[in-house]
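Colleague: Provide a 3D model corresponding to the input given below.
(chains A and B)
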2 protein chains.
Amino acid sequence: MNPPPAEIGALIAEVETPALIVDLAALDRNIVKMAGFAKTAGVRVRPHAKTHKSPAIALRQIAHGAVGQCVQKVGEAEALVRGGIRDVLVSNQVVGERKLRRLAALARDATIALCFDAPEQVDAASRVARDFGVELGGLVEIEVGMERCGVAPGRPAAALARRIADAPNLKFRGLQAYHGRAQHLPSYQERAQAIAYAIDAVRETVAALAAENLDCEIIGGAGTGTFAIEAASGVYNELQVGSYVFMDTEYASITAREGGRYREFEHSLFVLASIISVPAADRAIVDAGLKSYSAERGPPWVHGRPGIEVTGVSDEHGRLKLTDDAQPLSMGEKVWLIPGHCDPTVNLHDWYVGIRDGRVEALWPISARGASI
Amino acid sequence: MNPPPAEIGALIAEVETPALIVDLAALDRNIVKMAGFAKTAGVRVRPHAKTHKSPAIALRQIAHGAVGQCVQKVGEAEALVRGGIRDVLVSNQVVGERKLRRLAALARDATIALCFDAPEQVDAASRVARDFGVELGGLVEIEVGMERCGVAPGRPAAALARRIADAPNLKFRGLQAYHGRAQHLPSYQERAQAIAYAIDAVRETVAALAAENLDCEIIGGAGTGTFAIEAASGVYNELQVGSYVFMDTEYASITAREGGRYREFEHSLFVLASIISVPAADRAIVDAGLKSYSAERGPPWVHGRPGIEVTGVSDEHGRLKLTDDAQPLSMGEKVWLIPGHCDPTVNLHDWYVGIRDGRVEALWPISARGASI
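Modeller: Numbers count the residues shown, from 1 in each chain, chains lettered A, B, ... in the order given. Prediction:
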């Protein structure tokens, strides 16, 4: 692990760059806003830790009513349980004996569930849980239009649920019905249409489960782009939102119901960079590139500096272009970049530098950084 | 740091996934090939450690005649010097007192040089080197067509070189003349044209330096896409090639002189992934996504499995599409992915899993992973 880029109490000017900055006040407002929304809508929040990879942020979400956390990887679950989280859902398939053992080991200290879309995986998890003398929760992942994992809704899903319910040391807990591709569809209309399909798939499956006398404790899904639609569906009861804590340019670019940029939540995540070269009046170079922010959804935005844009990204550099009326940039000056895609950006860093009122207030290790196994 | 995904001696089937695999025989052949090329061409090789971030690989390159290493960041230089490398060039600007101090501290144990494109940076580095009682080498970075850092060639460059030569505790060592954008131009013709421009810029600068009685020990530049052109220029004397050790799909996609894919070097770097879901006959899902390979230059290629392509990439998943005549994939099966872009892919992992003859032979920590400061 690399050393932290700042000390507690330091001014922003003293933070070494590139650094991953969290605006703590904005982060807290985002958490409070989602918690309030869920309360009003009568659904639970189980935020996705694949975004933040940090027990410190997970605990803040739980302090505001979240029922636990989602993860995608066993390594993320390990980091969370080590950090004090007591209820973790792996919203993904876990394939391989060793990974299942690691998950079963966590079930001694925490409530652990995972998803299934194949009968042989149910049998494998049951066997390992029995060996460990623990119980693992099992959700059936259903295909709701994203063409990734998941069994067909309705009877095939109900058959798999029955297998989980009957398997020793597994407990059937519900359905995983996340529609990832829907999150970034440009218009509200398109997102609503995609989620309507998912809702139908859930309804059909719930009906098939009823025929098997199986109830769903959890019907989970939803992301930052669509959560209000799932929450209003009357069938989903857990929101697996992740990005809302930080936001990014990809989410900001989707068009909200009312038209214009999506502004439900505030940008709280930034990559702080420094100018290391000013080769021309209309060009400046920062010390942060592809190893400090992910750019597969486009370059980062420059925050709070009108007329300045990132026009080129290489491994360790970003090229800024200044319009004629932009305030000039000088050597060593710091700029705040808003990442294109928050999750893979976070995964590049070892530390969150938490800022409040212009000072470093927190240094949180990104404990599950690189925990992809 | 995450635990290694395998044990020495393990079979490939036993490697936990996702894992970053190095084919050791292919790696060594690439290193030997570049060394042989440079020897014949009468130029030195100073490979770029921004690609591999590993003293273990740096030492292999040096054992085959490389004169040292390039890095982009002070943290990378620290990892290399700790790992036994004794000659490091930071092929980049280093801005900020603390970073300069860290570099000066390394100069006690190793020959250290850095690049300049601004007089105030020369003065700052000289001051710090004097405080430490060490000597830092200085290169003038010139703009050769990539529109990133660098001063204009010719007289402006010579003026900066003079300032370095006159500055206490700095030693003028030459020119940094890397043309990054030229590396991936699709045709040999375009690459040759871009580098011809760079060669002219170097020649003009060397002439201006002669008027100042300044000689260049190092004229450095070149990448895996253009190194033969710089080597034949008669002016460049150090090749800063990085990607050749591993290759990636971006390099493989550029067209070689003879037409067709660029095949000077072998793919030695892979992301090993496992099938975690087979939802349809023509679709399978792997456990490796944007947190295991960088995809801003496109999705990875599937190695050695005709008729199978990666058609979708999300944070932790890759979607494989199978043609009708492709060999089917089964749950838990391993696939080898060739990353789109090697440098940022390496930066996502903590360990190289070195493979020879189907077994794990080496586990090398990626010591400078995330060392962006």
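
Colleague: close to chain B, is the least confident helix or strand in chain A by mean pLDDT?
Modeller: Between all helices and strands in chain A, the lowest mean by mean pLDDT, DSSP states H and E belongs to helix A:249-253, at a mean of 94. No: Helix A:249-253 stays out of contact with chain B when judged by CB under 8 Å from any CB of the partner chain, the minimum separation being 11.9 Å. Placement of C-beta: from N, CA and C, glycine included.

Colleague: give me the buried positions along that helix.
Modeller: A:249-252 (16 or more other CB atoms under 10 Å in any protein chain shown).

Colleague: what's the first helix or strand after the longest helix anywhere in chain A?
Modeller: Using DSSP state H, we find that the single longest helix of chain A is helix A:188-211. Following helix A:188-211 in sequence order, the next helix or strand is strand A:218-221 (DSSP states H and E).

Colleague: are that next one and chain B in contact anywhere?
Modeller: No: Strand A:218-221 lies apart from chain B when judged by CB under 8 Å from any CB; the minimum separation is 14.8 Å.

Colleague: the residue lying closest to residue A:300 once chain neighbours are set aside: neighbour count?
Modeller: Among residues not flanking residue A:300 along the chain, residue A:337 sits closest, at 3.9 Å (CB to CB, 6 or more residues apart in numbering or on different chains). When neighbours are defined as other CB atoms under 10 Å in any protein chain shown, residue A:337 has 26 of them.

Colleague: from the chain's centre, how far out does the strand or helix carrying residue A:337 sit?
Modeller: Per DSSP H and E: residue A:337 is located in strand A:334-338. On the basis of CA atoms, centre = their mean, to the nearest Å, strand A:334-338 sits 22 Å off its chain's mean C-alpha point.

Colleague: same check, this time on stretch A:362-373
Modeller: Its chain's C-alpha centre and that of stretch A:362-373 lie 13 Å apart, by CA atoms, centre = their mean.

Colleague: and stretch A:340-350, by the same measure?
Modeller: So, by CA atoms, centre = their mean, the centroid of stretch A:340-350 is 10 Å from its chain's centroid.

Colleague: straight-line length of that stretch, end to end?
Modeller: 19 Å (CA to CA, to the nearest Å).

Colleague: any idea what the residue nearest to residue A:300 is bridged to?
Modeller: Judged by DSSP bridges, the bridge partners of residue A:337 are residue A:271, residue A:302.

Colleague: can you check residue A:138 too?
Modeller: According to DSSP bridges, beta-bridge pairing links residue A:138 with residue A:114, residue A:172.

Colleague: that older thread, what is the mean pLDDT for the strand holding residue A:337?
Modeller: Strand A:334-338 carries an average pLDDT of 98.

Colleague: pull the CA atoms of that strand into PDB?
Modeller: The C-alpha trace of strand A:334-338 is given here as PDB (Å, rounded to 0.1, in the frame of the first residue of the first chain):
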ATOM      1  CA  LYS A 334      -4.100  22.400  -8.200                       C
ATOM      2  CA  VAL A 335      -7.200  21.500 -10.200                       C
ATOM      3  CA  TRP A 336     -10.100  19.300  -9.200                       C
ATOM      4  CA  LEU A 337     -11.200  16.700 -11.700                       C
ATOM      5  CA  ILE A 338     -14.500  14.900 -11.700                       C
END
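
Colleague: got the buried residues for the helix or strand hosting residue A:276?
Modeller: In the assignment (DSSP H and E), residue A:276 maps to strand A:269-280. By neighbour count with 16+ other CB under 10 Å, strand A:269-280 contains the buried residues A:269-279.

Colleague: any idea which of these is closest to residue B:284?
Modeller: residue A:269 (33.0 Å; CB to CB).

Colleague: what count of nearby residues applies to the closest residue to that closest one other than its chain neighbours?
Modeller: Of all residues not flanking residue A:269 in the chain, residue A:246 sits nearest, at 3.6 Å (CB to CB, 6+ apart). Counted with other CB under 10 Å, the neighbours of residue A:246 add up to 29.

Colleague: my guess is residue A:246 contacts residue A:344, does it?
Modeller: No: look at residue A:246 against residue A:344 with CB atoms under 8 Å: they stay out of range, at 12.0 Å.

Colleague: what residues are up against the closest residue to residue A:232 other than its chain neighbours?
Modeller: Nearest residue to residue A:232, sequence neighbours excluded (CB to CB, 6+ apart): residue A:41, at 6.8 Å. With contact taken as CB atoms under 8 Å, 6 or more residues apart in numbering or on different chains, residue A:41 is in contact with A:228, A:231-232.

Colleague: those residues in helices, which ones?
Modeller: Those of those lying in helices (DSSP H): A:228, A:231.

Colleague: are any of the contacts of residue A:41 buried, and which?
Modeller: A:228, A:231.

Colleague: could you dump the contacts of residue A:41 into CSV with distance to residue A:109 and pLDDT added?
Modeller: Shown next, in CSV, are the contacts of residue A:41 (distance: CB to CB, whole Å; pLDDT from 0 to 100):
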residue, distance to residue A:109, pLDDT
A:228, 34, 96
A:231, 31, 97
A:232, 36, 97
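
Colleague: now distance to residue A:370 too, for the contacts of residue A:41, in JSON lines please.
Modeller: Below are these laid out as JSON lines (distance: CB to CB, whole Å):
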{"residue": "A:228", "distance to residue A:370": "33"}
{"residue": "A:231", "distance to residue A:370": "33"}
{"residue": "A:232", "distance to residue A:370": "37"}
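
Colleague: and the contacts of residue A:41, which is closest to residue A:18?
Modeller: residue A:228 (34.2 Å).

Colleague: show the contacting residues for the closest one.
Modeller: A:37, A:41.

Colleague: what's the answer for residue A:319, then?
Modeller: By CB under 8 Å, 6+ apart, the neighbours of residue A:319 are A:283, A:285, A:310-313, B:147-148.

Colleague: is stretch A:51-69 positioned near chain B?
Modeller: No: Stretch A:51-69 does not reach chain B (CB under 8 Å from any CB); its nearest approach is 8.9 Å.

Colleague: if we can go back for a sec, the residue nearest to residue A:300 contacts residue A:295, correct?
Modeller: No: with contact defined as CB under 8 Å, residue A:337 does not reach residue A:295; the gap is 10.5 Å.
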